[in-house]
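Chemist: Got a predicted model here, sequence first, then my questions.
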Amino acid sequence: MQAACRLLDVAESGYYHWRSRPPSQRSIRHAWLLEQIRAVHTASRGTYGAHGVHAELTLGLGISVGHNRIAMLMARAGIKGPPGNRRPKPKHQTPTAGDMVNRSYTLSQPNQLWVTGIERHEAFLNPAVWKDTATGRSQPIG
């Protein structure tokens, strides 16, 4: 022990004092929280990650604890939820108009087909414009 204390530049008396010291309140709370985390994780059949465990502890059991502490204790103990995001990202639900001109935008005579969209004019975007597909002429709406 003397060689290790000399190598680490620690007094032997400090080492023995540290060894006989009772556990701190934080380490006691961490040990208790880890038991709670394991219980919740086991009850969820391993499907809860840090977010689910945190929600169950705070909302379900009324334990006041931060998410980062739960994540840190789970990482130290090697407790993980399932990999990846199990929920699919929501699909775009906005209805869109069908292709009413079958992508045929070139016409021989003016005023046969007018389309609208966002037009870039210098540094500004102008969404309120009608455009004649035959001539390329733009006309403001309204």
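Modeler: All right, it came through fine. What you see is a predicted model, and the numbers here were worked out from it, not measured in a lab. Numbering: from 1, shown residues only.
Chemist: element containing the residue most central in space within the chain, please.
Modeler: Geometric centre of the chain, nearest residue: residue 85, 9.3 Å, by CA atoms, centre = their mean. Here residue 85, judged by DSSP states H and E, is contained in no helix and no strand.
Chemist: State the distance from it to residue 72.
Modeler: 21 Å (CB to CB, to the nearest Å). Using the backbone N, CA and C atoms, a C-beta is placed for each residue, glycine as well.
Chemist: residues near the residue nearest to residue 12 when sequence neighbours are not counted, how many?
Modeler: When the adjacent residues along the chain are set aside, residue 12 lies closest to residue 5, with 4.9 Å between them (CB to CB, 6 or more residues apart in numbering). Residue 5: 15 surrounding residues under other CB atoms under 10 Å.
Chemist: so residue 5 touches residue 15, yeah?
Modeler: Yes. Counting by CB atoms under 8 Å, residue 15 is a contact partner of residue 5 at 5.7 Å.
Chemist: which residues are in contact with the helix or strand where residue 73 lies?
Modeler: For residue 73, the enclosing helix or strand under DSSP H and E is helix 67-77. Helix 67-77 is contacted by residues 30, 33-34, 37-38, 41, 49-51, 53-54, 57, 80 when judged by CB atoms under 8 Å, 6 or more residues apart in numbering.
Chemist: and if we set it to 6 Å?
Modeler: Residues from elsewhere that reach helix 67-77 (CB atoms under 6 Å, 6 or more residues apart in numbering): 33-34, 37, 50, 53-54.
Chemist: how does this protein divide into domains?
Modeler: Split into domains by automatic domain parsing, the chain comes to 24-82, 104-142.
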